[in-house]
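Asker: Here's my sequence, what's the structure:
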Amino acid sequence: MITSMTDSSTPRDHTKDFARLVGCVAVIVCHSVLAYAHQLPTDMLWPIRDMSESEWLIGVFYHTRFVGVGLFMFLAGELTRRSLEKKPTSVFMKVRARRLARLILIGLVTTLPLTYLIWAADAVDRDYIKWEQFFDFRLSDADKSLLLGPAHLWFLEYLLIITSIAAILTNLLGSTALLPRKHAIPLLMFLMFACAWLDPTMMTGFRNSFVPRPSFLIFNACIFAAGWLFAGVTRLYHLGIFLSLALLLIRPHHANDSRLFLAACAALCIPAIIGTLALCNRLNLRHAIIRKLSDLSPVVYIAHLPIVCAVQYALKGTELPVPVKISIVTLATLVISACCALLLERCSSRPASPNP
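Answerer: Reported below is the predicted structural model:
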């Protein structure tokens, strides 16, 4: 199934289903908040600006930004290790590369062009570029780094790179690389702290480039490695849930003025993810809708970005309270993008018509 990232040989884990859904919703909320949070960095490119004075939005933004995509990367690390325990590296890489390549191709020919047009329209409105420059590709290197790149498809690109490196290391080191190591978590948290401290614009700036950003690649590799090395959710989950809630309530000043805040958020990302997974495990939801949305979550992720912008634009200038706007944007985006995923699944699974 093109929309599923779950290994068919791995037993169904309902906790992971719910966690993928939580991660998907968190990413959508993160992008929904972008239009309304007035404390966001000035270099954070986002086409819709409908500013609010609600300072709690910045805490929601950073929390969902770190934890939302982090859940997918953490689960991918665990799934990759379990898959490599059961099948040869070459077979695993062939299957995984085919799945990710299909998802990237879908995004490249559908939502990415729409995203380019939305961001270019914003740049034209700000008199930053002219439409003829955009369509004639007469852009400076700085303009290209802002307007032309993988956008939110960076996740699939980074995941393919990190997964490939993990598979190569497993092939070189053998079964030693597959052993869980709980005590590696503090080291990974330190590396993430260092990445954010040395390169604070890693999370506050915007570099829309197909060339991976080294600090951000290492940051996400640490989350992947945490999922790979950490066996289960046990003693850390109380701390993780507490830190997850603490990140949600933090109200910092402008992020560029607080390098320590960003580095602390980066270091706390892994415990927050572990806590979120533990909470999902406690709830133990097994509804068929959750399982279905979990299977559709990769395509929902790919499709959501231009939908978020469109709904934000439709609500711009209305007198609705900001929490209501964010709820409408999130729910509408989730429903529309899920419908797109279902349509794609139906089209991709339709049998070819027999020859007359």
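Asker: In contact with Thr163, which residues?
Answerer: Contact partners of Thr163, counting by CB atoms under 8 Å, 6 or more residues apart in numbering, are Ala76, Thr80, Met93, Arg96, Leu100, Phe224. All C-beta atoms are positioned from the backbone trio N, CA, C, and that covers glycine.
Asker: Check which helices and strands the helix ranked longest in the chain sits against.
Answerer: Longest helix in the chain, counting residues (DSSP state H): helix 56-86. With contacts defined as 3 or more CB pairs under 8 Å, 6 or more residues apart in numbering; DSSP states H and E, helix 56-86 has these neighbours: helix 14-33, helix 89-109, helix 154-173, helix 201-204, helix 214-229, helix 237-249, helix 259-267, helix 269-283.
Asker: hmm, 6 Å instead?
Answerer: Applying 3 or more CB pairs under 6 Å, 6 or more residues apart in numbering; DSSP states H and E, we find helix 56-86 packed against helix 14-33, helix 154-173, helix 214-229, helix 237-249, helix 269-283.
Asker: rewinding a little: neighbour-wise, which of the contacts of Thr163 leads?
Answerer: Neighbour tally across these (other CB atoms under 10 Å): the maximum, 27 neighbours, falls on Phe224.
Asker: excluding its backbone neighbours, what's nearest Arg286?
Answerer: In this structure, Arg286 finds its nearest non-sequential neighbour in His14, 4.5 Å apart by CB to CB, 6 or more residues apart in numbering.
Asker: quick one on the thing from earlier: closest to Ile336 out of the helices and strands packed on helix 56-86?
Answerer: Among these, the nearest to Ile336 by CB to CB is helix 14-33 (10.7 Å).
Asker: what's in contact with the closest one?
Answerer: Applying CB atoms under 6 Å, 6 or more residues apart in numbering, the contact partners of helix 14-33 are 57, 60-61, 64-65, 67-69, 71-72, 75, 277, 280-281, 285-286, 290-291, 293-294, 297, 300, 304, 308, 326, 329-330, 333.
Asker: still on that earlier bit, any idea of the mean pLDDT for the longest helix of the chain?
Answerer: Mean pLDDT, computed over helix 56-86, is 84.
Asker: And stretch 27-35, by the same measure?
Answerer: 88.
Asker: returning to what we had before: from Gly275, how far off is the residue nearest to Arg286?
Answerer: His14 is 18 Å from Gly275, where distance means CB to CB, to the nearest Å.
Asker: Excluding chain neighbours, what is closest to Val67?
Answerer: For Val67, ignoring the flanking residues on the chain, the nearest one in space by CB to CB, 6+ apart is Ala272 at 5.2 Å.
Asker: Lowest mean pLDDT among the helices and strands of this structure, which one is it?
Answerer: Least confident helix or strand of the chain, by mean pLDDT, DSSP states H and E, is helix 237-249 with a mean of 66.
Asker: re the thing from before, tell me how far the residue nearest to Arg286 lies from Leu285.
Answerer: For His14, the distance to Leu285 equals 7 Å [CB to CB].
Asker: and those two? which has more neighbours close in?
Answerer: Neighbours per residue, other CB under 10 Å: of His14 and Leu285, the larger number sits with His14, 17 against 13.
Asker: Would you tell me which of the helices and strands packed on helix 56-86 gets closest to Tyr116?
Answerer: Tyr116 lies closest, by CB to CB, to one member of the helices and strands packed on helix 56-86: helix 154-173, at 14.4 Å.
Asker: Alpha carbons of the helix or strand that comes right after the closest one, in CSV - could you do that?
Answerer: Counting by DSSP states H and E, the element after helix 154-173 in chain order, helix or strand, is helix 185-198. C-alpha atoms of helix 185-198 as CSV (Å, rounded to 0.1, in the frame of the first residue of the first chain):
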residue,chain,number,x,y,z
ILE,A,185,19.7,8.7,25.4
PRO,A,186,21.7,11.2,27.5
LEU,A,187,24.4,11.4,24.8
LEU,A,188,21.8,11.9,22.1
MET,A,189,20.2,14.7,24.1
PHE,A,190,23.6,16.4,24.5
LEU,A,191,24.2,16.2,20.8
MET,A,192,20.8,17.8,20.1
PHE,A,193,21.5,20.5,22.6
ALA,A,194,24.8,21.2,20.9
CYS,A,195,23.2,21.3,17.4
ALA,A,196,20.7,23.9,18.5
TRP,A,197,23.2,25.9,20.5
LEU,A,198,25.8,26.1,17.7
